[in-house]
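J.: Curious how this folds, go ahead:
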Amino acid sequence: MKKFPHRSGVPGFRFAGIAGGLKKNGDKDIGLILADAPCAAAAAFTKNIVKAAPVLIGRKRLRDGCAQAVLVNSGNANACTGSRGMRDAEASCAALARELGIRQGLVLPGSTGVIGVPLPVDKITSAVPRLVRAASPSGAADFCAAIMTTDTFPKIVALEDTVAGRPLRVCGIAKGAGMIMPNMATMLCYIVTDVAIDRKLLSAVLRQQVELTFNRITVDGDMSTNDTVLALASGKSKIDINKVNSITYNIFINILHEVMKRLATLIVKDGEGATKTLVIQVRNARTEGQAKQAAMTVANSPLVKTAFFGQDYNWGRIMAALGRSGAQFAMDRVDIFFNAIQSVKNGQGVERNIPKLQTVMKKGTIAITVDLKAGAQSCEVTTCDLSYDYVKINADYTT
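T.: Predicted coordinates for the structure are as follows:
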């Protein structure tokens, strides 16, 4: 497995990103992914009861597991916009379908931005011809720029491996920095690959990997209305993935997992106002579910997150979070380590390590390992600290 330059493209796909006037600053805000032909498609969407119009339309159109184009805008979430929002999303898709000469049901919408504001559909539809003309195999960076909101850097991961002398490619593009919390992380993520895979199998492996990657990160404990992870497979490589647990299948799963894991980590690193990346590892829990409960509770604790921002090794906040997580354990058996330096042994502080812990707290990435000594299951969750800038960014988001 190795990186490949995303500008060299993934066979069967073109990308575009242009400025359509949705963002006040004039940045790119309309993106397109275009497949050469209808291809296998699968997605996982937000579990929030409040779902944006593009999510509702995407869920319906993906019932047959097939798509050819993805039309995404930033600057407006098209959420909580009622029947008008549905009509606007469908009108945008219809304009693209007409321009491409394809069936409207093969176009999937996506939106991100402010909730509750009508979509400026005229700006999108009028930009469609220019968007299609801009589509190129090397346009992933333009597409990425067009879907960003509060992101401070683009998130693109492109990996490949060789099967019988032929390259197998997977490229993932994501946006997300705030409102990050399973299920899934609040984000948009688009993954394209050149493998040949059955639509149902693609859906199964995507959902499996979402659980292992995007559902194990959090920035602020908030879940959005627009979460989407979409995968498209062109089949152009002629590499067949449909024999489960074959060598080829396992190669593909490993690449897909790595692409999604790296994107998930980039989202946390770009957490709004974040200064530290925190990796919460809970070990020896009674069940996997309890391990995840414990890890997520620690990761989402405002007191824990602000302590790390202030470089305060306040392990008592971690113990308190563990105690309310629902995981079952004996407090006098718990060990906690910061970057392998023990801060808690059998539920009590290790004072001799305080100078070392003070040094660890200055690091940009810190691994917090919790040993519950209650079973044999584990879980790892990645999060970030909570800073002054998070409040500043979100206090005036719409103004």
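
J.: all helices of the stretch 51-200 of the chain, in order?
T.: Counting by DSSP state H, counting those that start in this stretch, the stretch 51-200 of the chain forms helices over residues 53-61, 82-100, 121-134, 140-147, 199-212, given from the N-terminal end onward.

J.: right, and Y390 touches P302 too?
T.: No: applying CB atoms under 8 Å as the test, Y390 and P302 come out as separate, 10.1 Å apart. (C-beta placed from N, C-alpha, C; glycine too.)

J.: neighbour-wise, which of the two wins?
T.: When neighbours are counted by other CB atoms under 10 Å, Y390 and P302 differ, and Y390 comes out ahead with 22 against 11.

J.: hmm, what's the outermost residue in the protein?
T.: The centre of the chain is farthest from one residue, R352, which by CA atoms, centre = their mean lies 39.9 Å away.

J.: what are the phi and psi angles of it?
T.: When quoted as degrees, to the nearest 10, the phi and psi of R352 stand at phi -60, psi -20.

J.: I'd like the next helix or strand past the longest helix along the chain.
T.: If you go by DSSP state H, the chain has its longest helix at helix 247-269. Under the assignment DSSP states H and E, the closest C-terminal helix or strand after helix 247-269 is strand 277-285.

J.: Report the residue spans of the stretch 251-399 of the chain with pLDDT below the cut-off.
T.: Of all residues in the stretch 251-399 of the chain, those with pLDDT under 70 make up the ranges 393-394, 396-399.

J.: go with 80
T.: Within the stretch 251-399 of the chain, the stretches with pLDDT under 80 are 271-273, 389-399.

J.: In it, mark out all the strands, start to finish.
T.: For the stretch 251-399 of the chain, the strands defined by DSSP state E, counting those that start in this stretch occupy 277-285, 335-338, 341-345, 348-349, 365-371, 377-384.

J.: can you list the domains in this protein?
T.: Listed by automatic domain parsing, the domain ranges of the chain are 2-269, 277-395.

J.: from the helices of the stretch 51-200 of the chain, which stretch is densest packed?
T.: Mean neighbour counts were compared across those using mean count of other CB atoms under 10 Å; the top stretch is helix 140-147, at a mean of 24.

J.: Output that helix as CSV, restricted to C-alpha atoms.
T.: Below are the C-alpha coordinates for helix 140-147, written out as CSV (Å, rounded to 0.1, in the frame of the first residue of the first chain):
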residue,chain,number,x,y,z
ALA,A,140,-10.0,16.4,-6.7
ALA,A,141,-8.4,19.4,-5.0
ASP,A,142,-11.0,21.7,-6.6
PHE,A,143,-13.8,19.5,-5.4
CYS,A,144,-12.4,19.4,-1.9
ALA,A,145,-12.1,23.2,-1.8
ALA,A,146,-15.7,23.5,-2.8
ILE,A,147,-17.1,21.5,0.1
